[in-house]
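Q: give me coordinates for this.
(2 chains)
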Protein chains: 2
Amino acid sequence: MSKKDVTKVILSEEDIPKKWYNILADMPNKPAPYFSSMTNEIATSEELQAIFPIELIKQETTTDRWIDIPNEVWEMYRHWRPSPLYRAKGLEKMLGTPARIYYKYEGTNATGSHKLNTSIPQAYYNKASGIKRLATETGAGQWGSALSLACNHFGLECTVYMVKVSYGQKPYRRSFMQTFGANVIPSPSDLTQCGKSILQKDPDCTGSLGIAISEAVEDAATHKDTNYALGSVLNHVCMHQTIIGLEAKKQLEVLDEYPDVIFACCGGGSNFAGISFPFVMDKLNGKNIRLVGVEPTACPTLTKGVFAYDYGDTAKVGPIAKMYTLGHDFVPAGIHAGGLRYHGESPIVSQLYHDKIVEAVAYGQKVVFEAALMFSKSEGIIPAPESSHAIRAAIDEALKCKESGQSKVILFNLSGHGYFDMAAYDNYFSEKLVDIEYSDDSIKESIKNLPDIKE
Amino acid sequence: MSKKDVTKVILSEEDIPKKWYNILADMPNKPAPYFSSMTNEIATSEELQAIFPIELIKQETTTDRWIDIPNEVWEMYRHWRPSPLYRAKGLEKMLGTPARIYYKYEGTNATGSHKLNTSIPQAYYNKASGIKRLATETGAGQWGSALSLACNHFGLECTVYMVKVSYGQKPYRRSFMQTFGANVIPSPSDLTQCGKSILQKDPDCTGSLGIAISEAVEDAATHKDTNYALGSVLNHVCMHQTIIGLEAKKQLEVLDEYPDVIFACCGGGSNFAGISFPFVMDKLNGKNIRLVGVEPTACPTLTKGVFAYDYGDTAKVGPIAKMYTLGHDFVPAGIHAGGLRYHGESPIVSQLYHDKIVEAVAYGQKVVFEAALMFSKSEGIIPAPESSHAIRAAIDEALKCKESGQSKVILFNLSGHGYFDMAAYDNYFSEKLVDIEYSDDSIKESIKNLPDIKE
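A: Got it, this is the predicted structure:
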């Protein structure tokens, strides 16, 4: 059996990384600091400490290349890590491509997505700093599930503001969180000032991720024993996810392989960061490799947004970040990849994109679900709608290889399974999906109200 | 780190067994032969060939101890096997027990349960015999999902008769099967004679597993290119599942452990067979070990049924088997462990139970869900309602150890996850679950109409 003739590569537990990779050590241009939405000045550590523990604030800015994974976190990682790396033999055969396609599968854990990689350390550091409760938002429910499980493990209370329309449409995600003891609240709610003021204007408001973030941040900022946790975007979140790419690199080394190109879906950016940053490190050291974030045309933050300072949430209570953004008022169309519906983007990914170190591409959801079906049938795993964006891009690259005859090595991140998303598949089967594209003019309109920050 | 201080044991791919274990080689008393429901005589191989391929019929009766796993099947097993064996450290801590609890987790594959272990070889042998299509039934949807995936892989068509009430209540299981190209039909349907005659009597009939089996068997028997596939009960199905116990034994050997007692939920019996038979072999060779099947009080086949010849399906079209049964007319209460609602029991498991080699116990669903919650919170995996029966029994054994101070080694099979069963958890949270127990009189009534078979 040839080394490359494998179905999957499983590392042993000792191969689970003991350190996260911090790309801030290697970036030619660092991301800009956060600004306070109260003062329009650079946010002080004290201001950030109203909602984050000091260890995570340090992780936002440290330029140490390697950060130790605490033992308590590593012990939890052992529950499902190392995650498998698959050779997509079935997909290759279906496509008839000379390319070798690999995917890292982050859906084998209890919450079914990569989010657990960061919810566990976030709960851990908050617990260690004496915090009693975490508040967060969730849209599709992946992040809320992951934080609920982590809080339950470390003995923290957990309050999840769930976008109201999802609260109704995804009752099983809600019960999932409740199983782990979380308090799940449909947002907007009357528990916060910003929730109340939104309901006053529009009692039937079905909510948005931006509103739910505002409520969770306000909850944290107004309760001394409560902090806020975010499932993507922030530097420390991206760093926690690098465990994905570090493992994938080791697994490919076992096969004597190195990727020519990596694809990952890109919403807030942490999933793309997770698989790609350890390879970006190589690229900055001269390696020839392409790293491509894949986003929906219905929320084209990198491909159509602007690189500017913007609020992270609707009510402007959270910090201001320099990032690619569609404007904090932008409400993306109701597509099924709920995890990719955020107006902003990780400041680090934004800076790397601005510096042309990483690339981005956007797809409509119809071709994305077509790819999801091809993958299900050929690989036997039903992918999450979010992850299917990466699959679409990988398939297109493999088809290009078929035309050119090149045997490229393609790697993508299968960030989660789609077993909670079967309603979306139903809609695809019954041809109810529509593709959304935004004109340049409508984007111009949505970025009118950016904050006025002086660097 | 002590050998036993592990979170999980993962074997390498080379450790996936190359042979299934056939317990017929070692049983002191073999199970009785199948009888034909047409003639009330022993079913001939020709009669069975109307619905099964010859290789599987041979596997029903061979007394060879080890049966080679075909390479094409083994290659598919590689996709997710070896499955992990976990030490339930979180649960032990929650219980404060000196017992060491281990569980084998069969929920990491694409369909989320152990059923894929047999759907793959069944599809393979049918394909190899020139069959074009498989017909089957499904209740909870686990089996239909597993067979759909296997048929898709081997290029077979798949027709799934899905109990009508589940078809409506579990639309996501239905779309799961459709994703893999299966034709899913609500049962009773007007596509079969037995479906039609049931609908004539009761147009609003919401179906049952027994009816769906009748329809699938009739479909197979009346179409030359079509065979029937069953997800449990039969000898070959139990044998395919022994891969679970064979792996578990190797994994415990790595830790220098041997179980004092094994628990698995018991519906048709294949899941219990899978984890326990390789250890029953040891017991028959003198090892001191207890093997306990756990069933619901709402369908107490072993604990309250009779050991007798009975039909496998409602319309009496399939073979007659000697087994523990509640009577083919028995319609178990609508509990949430749909996979355990079958009136009969594997003939092998029945014979072993009759010979007092294995044991059985029954639980109501409330205490089962209580155990499921304890497990979710302490181990981070939401278990299927079926598997939770084994968890309940394992917890009770561990609590006995706490009283007695014994450090027993407890192993159970976590046969699947509960991510498609969150509605059941919702009902538990809102205290809507009821426990069903049947009186001896009502069981007497349901076993009135057994066939008259002369051995």
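Q: sec struct for A:V361, please.
A: Following DSSP: H, G, I helix; E, B strand; the rest coil, A:V361 is assigned to strand.
Q: who touches it in this structure?
A: A:292-295, A:303, A:393 (Cβ atoms under 8 Å, 6 or more residues apart in numbering or on different chains). For the C-beta atoms, the positions are set from N, CA and C on the backbone; glycine is no exception.
Q: of those residues, which pair is most distant in space?
A: Spatially, the most separated pair among those is A:T303 and A:A393, at 12.5 Å (Cβ to Cβ).
Q: could I get the phi/psi values of A:S439?
A: Per-residue torsions, A:S439: phi -80, psi 160 (degrees, to the nearest 10).
Q: what about it, how many residues nearby?
A: Residues near A:S439, counting by other Cβ atoms under 10 Å in any protein chain shown, number 9.
Q: give me every residue that touches the residue of the stretch 301-450 of chain A found nearest chain B.
A: Minimum separation of the stretch 301-450 of chain A from chain B (Cβ to the nearest Cβ) falls at A:M422, amounting to 3.6 Å. By Cβ under 8 Å, 6+ apart, the contact set of A:M422 is A:382, B:171-173, B:175-176.
Q: quick one, grab the pLDDT at it.
A: A:M422 carries a pLDDT value of 89.
Q: can you tell me the element A:F307 falls in?
A: strand A:306-311 (DSSP states H and E).
Q: the domain parsing of chain A - what is it?
A: A:3-16+A:81-112+A:242-446, A:21-69+A:114-235 (automatic domain parsing).
Q: secondary structure class for A:Y86?
A: Recorded secondary structure, A:Y86: strand (three-state DSSP).
Q: stretch A:391-400 and chain B, any residue contact?
A: No - taking Cβ under 8 Å from any Cβ of the partner chain as the criterion, stretch A:391-400 and chain B are apart, separated by no less than 13.9 Å.
Q: buried ones in that stretch?
A: Neighbour counts over stretch A:391-400 (16 or more other Cβ atoms under 10 Å in any protein chain shown) mark A:391-398 as buried.
Q: so A:I381 sits in a helix?
A: No - A:I381 is assigned coil when assessed by three-state DSSP, not a helix.
Q: show me the contacts for it.
A: A:105, A:107, A:375, A:414, A:417, B:110.
Q: starting at the chain centroid, how far to the helix or strand hosting A:M239?
A: Using DSSP H and E, A:M239 sits in helix A:235-254. Centroid separation between helix A:235-254 and its chain, computed with Cα atoms, centre = their mean, to the nearest Å, is 14 Å.
Q: list the buried residues of the helix-or-strand element of chain A with minimal mean pLDDT.
A: Taking mean pLDDT, DSSP states H and E as the measure, helix A:164-169 is the helix or strand of chain A with the lowest mean score, a mean of 85. Across helix A:164-169, burial judged by 16+ other Cβ under 10 Å covers A:164-167.
Q: likewise for stretch A:43-61?
A: Buried residues in stretch A:43-61 (16+ other Cβ under 10 Å): A:43, A:47-48, A:51-53, A:55-57, A:59-60.
Q: stretch A:364-374 now?
A: For stretch A:364-374, by 16+ other Cβ under 10 Å, it's A:364-365, A:367-374.
Q: same thing with stretch A:433-442?
A: Of the residues in stretch A:433-442, A:433, A:438 count as buried by neighbour count, 16+ other Cβ under 10 Å.
Q: swap in stretch A:177-191?
A: The neighbour-count check on stretch A:177-191 (16+ other Cβ under 10 Å) flags A:177-182, A:184-189 as buried.
Q: same question, stretch A:306-313
A: By neighbour count on 16+ other Cβ under 10 Å, the buried set for stretch A:306-313 is A:307-313.
Q: helices of the stretch 151-300 of chain A, residue ranges please.
A: Here the stretch 151-300 of chain A has its helices, by DSSP state H, counting those that start in this stretch, at A:164-169, A:171-179, A:193-201, A:209-221, A:235-254, A:270-284.
Q: so for A:S446, which of these sits nearest?
A: Of all these, helix A:209-221 sits nearest to A:S446, with 11.9 Å by Cβ to Cβ.
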